[in-house]
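> Output the structure for:
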Amino acid sequence: MNLQKSFKSLLSSQAAVFRRFAEHYDMVYFGKLHLDDEEHRIVRGVTVSTQHVDEHYCVGTIHNFDTILLKRTDTIIQPNSTHSEKYSWILMQIDLHSKYDHPHVFVDGGHHDELFYNALFVKFARLMKVDKALFGDNHSFTERFTAYTPPDALDDLPTIVGGEIGATMAQHFAHLDFEWFQDRLIIYSTGRMPTKHLLEHMLRAGLWLAEVLDTYGDKKIAAHGGADIQHNEQTV
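Modelled structure (predicted):
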């Protein structure tokens, strides 16, 4: 088998994985998504750019959560240099039910390099690396994850991922990355081939964490007399 046929076979097998997952959960498979396509909702977050490519775009409702699944690739070029790196992610976005406006949080399991973060902090200048001491004795979480959030949102994070929640993330989902903001949660698998097992694992992680975030958000709203809480930060 020549290289071109091998590449086509790989693309076909990846498409089959997404199609079977979409069929199982009654999602609609759209294939490749163009950036100027106004009919479909673009998943934003830390990997969004003006030149990223989204493929295997699937949309549907799973266990009452509106869900988008896709594969994203992008090439990041180092400023003032010819050095570049190609990245690929499988993204699963879940719309949260709570009306709480979550501040921007990115939780990285050590799957990104310096070039990625240089570009990240240009796009999201207010994101800062959270000191591990803020999480207290939650060593299982801090040994596996690094968290980023705006400085005025530091109170939320250790409350959400402290104790058993952080320990569960570390024990069961350390090979994934997580991002949440406003009413959205994104689960990332970075640089891995799509498989049925991986997509199912991402879904389990996402549905579980969505419930955690919704519970936290509802409690915050209740504590403020039922009023929506808005966070003053840059648009994600």
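
> Can you find the helix or strand of the chain with the lowest average pLDDT?
helix 3-24 (a mean of 75; mean pLDDT, DSSP states H and E).

> What residues of the next helix-or-strand element following that helix count as buried?
Downstream of helix 3-24, the first helix or strand assigned by DSSP states H and E is strand 28-33. Within strand 28-33, the residues that qualify as buried are 29-30, 33, counting by 16 or more other CB atoms under 10 Å. Just so you know, the C-beta spots here come from the backbone N, C-alpha and C atoms, and that holds for glycine as well.

> And for stretch 197-205?
198-199, 201-203, 205.

> Report the central residue of this structure.
By CA atoms, centre = their mean, the mean C-alpha position of the chain lies nearest to residue 186, the distance being 2.9 Å.

> Relative to residue 137, which of the buried residues of stretch 197-205 is nearest.
For those, the closest approach to residue 137 (CB to CB) belongs to residue 205, at 23.4 Å.

> If you count contacts, what does the longest helix anywhere in the chain end up packed against?
Ordering each helix of the chain by length in residues (DSSP state H) puts helix 196-223 first. Here helix 196-223 touches helix 3-24, strand 65-77, strand 84-95, helix 156-161, helix 163-172, strand 177-182, strand 184-190, going by 3 or more CB pairs under 8 Å, 6 or more residues apart in numbering; DSSP states H and E.

> Out of these, the one nearest residue 119 is which?
strand 65-77 (5.0 Å).

> Determine how far that closest one lies from the middle of the whole chain.
Computed by CA atoms, centre = their mean, to the nearest Å, the chain-centroid distance of strand 65-77 equals 9 Å.

> quick one: strands adjacent to it?
Paired neighbours of strand 65-77 in the sheet (DSSP bridges): strand 53-62 (antiparallel), strand 84-95 (antiparallel).
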